[in-house]
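Visitor: 3D, please:
(one chain, ligands or ions: 2)
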Amino acid sequence: MTTPNTSTTTTTTALELKDLEDYRIKSLPPSAYYISSFITPQEASTLLTNISKNPWTTLTHRRLQPHPAPLTPSGHLLTTKSLPEFLVSPIVDRILSLSFSSDNNNKSKNNNNNNNNNDDNENREEDDDDNDEEGKERKEKEKRGIFTTSPHTRPNHVLINEYPPNTGIAAHEDGAAYFPVVCTVSLGSHILLEVTPKPPPPSSSSSSQSQSPQERREREEGGVGEEGNQTKYRIFQEPNSLLITTDEMYTNHLHGILAVEADEGLDELTVANWGLLGDGTRRGIVESGGVVRREGVRISLTYRDVLKVKDAGRLFGGRGVAGRR
Ligand SMILES: O=C(O)CCC(=O)C(=O)O
Ligand SMILES: [Fe+2]
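Guide: Ligands and ions are numbered 1, 2, ... in the order given. Alright, predicted model coming up:
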């Protein structure tokens, strides 16, 4: 069993970002976007150094860091602190620079996820718009980013999770404390995210929404899928990549990571984002017969906008800045 060198997929220069629509994982329900080599190896190494300087919360099988603070049991972000600078630059800046052009907004509306962009009339009308200043201004305003409609228009919380080989996270949903967008940057080893449509709500009242974040974390530690839940989609996350999940993918699906030492059965049919992976990664997977060992620790940084922010400084009479960045 050979191991593909997934790190060969990264480049040393910053990636020139395309329109968000170009990163859509088309085989998935709306909406997931995947960007291979979102950060450079140098940026990844600086991030790892900074992460190692911060204290970890240790669970039974893995460790995590909530920045700038853990959520309260009721899902509030209650702190005077903002996100530390090393988590903002370059990642938040780059996430905010991603956008759908107005052309593509229309294309995706009309295409319904297909690639047949042959609506010549519409494109001609858009070209006419380009000719006047008003049209240009309107187009600029129409440019939509992934956090444009979120309450703080940017992520204000990052959860860092560390997964040694053979650890994972049980199938779960991220719930109502966040605006329904998650941006995940992966560092270290590759990982497979297993995505399953949500089962119908249980008749009892013990849904994950009624659990505190701490209870949810305890439940998630084992890294085993919920019984009876079959993975429907698998997303391969390369080191230094960005995965964005939103819309139905956020609200109607569970996600988890299997606690295994190697991922098996990987090919263009089983990996939803196959076409968006780096060439070296795809080649490596094929050469190793679809079996990829998790070589080392994988660290994920999940960027989200927590809906309810309370400025602890103000709450206790000070001048805090929580939630502004
Ligand atoms: O590590 C990941 O990619 C997923 C983490 C996750 O699902 C979570 O923290 O809610
Ligand atoms: Fe999650």
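
Visitor: show the model's pLDDT score for Arg319.
Guide: According to the prediction, Arg319 has pLDDT 49.

Visitor: sorry, slip of the keys, the one I care about is Ala312.
Guide: 71.

Visitor: what's the local residue count around it?
Guide: The number of residues packed near Ala312 is 17, by other CB atoms under 10 Å. C-beta: built from backbone N, CA, C; applies to glycine.

Visitor: go on, Ala177?
Guide: By other CB under 10 Å, neighbour count at Ala177 equals 19.

Visitor: how about Ser203?
Guide: 5.

Visitor: taking this structure, what residue is nearest to ligand 1?
Guide: The nearest approach of the chain to ligand 1 comes at Ser300, 3.3 Å away (CB to the nearest ligand atom).

Visitor: and that residue, what element?
Guide: Counting by DSSP states H and E, the element that carries Ser300 is strand 298-304.

Visitor: let's verify the residue nearest to the residue of the chain closest to ligand 1 when sequence neighbours are not counted: helix, strand, or coil?
Guide: Nearest residue to Ser300, sequence neighbours excluded (CB to CB, 6 or more residues apart in numbering): Asn161, at 4.9 Å. Secondary structure state of Asn161, per DSSP: H, G, I helix; E, B strand; the rest coil, is strand.

Visitor: who are the packing partners of the strand holding Ser300?
Guide: helix 41-52, strand 157-163, strand 181-188 (3 or more CB pairs under 8 Å, 6 or more residues apart in numbering; DSSP states H and E).

Visitor: show me what contacts the residue nearest to Ser300?
Guide: Contact analysis of Asn161 by CB atoms under 8 Å, 6 or more residues apart in numbering lists 62-64, 169, 299-300, 302.

Visitor: do that again at 10 Å, thanks
Guide: 59, 62-66, 167, 169, 184, 217, 220, 257, 298-302 (CB atoms under 10 Å, 6 or more residues apart in numbering).

Visitor: in ChimeraX, how would I select the buried members of the residues you listed?
Guide: The buried subset of these, as determined by 16 or more other CB atoms under 10 Å, is captured in ChimeraX by this line:
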select :59,62,63,64,65,66,167,169,184,217,220,257,298,299,300,301,302
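
Visitor: assumed Glu151 was part of a helix.
Guide: Small correction: residue 151 is Pro, not Glu. No - per three-state DSSP, Pro151 lies outside any helix segment and is coil.

Visitor: what's the pLDDT at it?
Guide: So, for Pro151, pLDDT stands at 96.

Visitor: which stretches of the stretch 1-150 of the chain form helices?
Guide: 41-52, 85-87, 93-97, 102-111, 120-130, 133-142 (DSSP state H, counting those that start in this stretch).

Visitor: could you list the buried residues of the second one?
Guide: For helix 85-87, the buried set under the neighbour-count rule, 16+ other CB under 10 Å, comprises 86-87.
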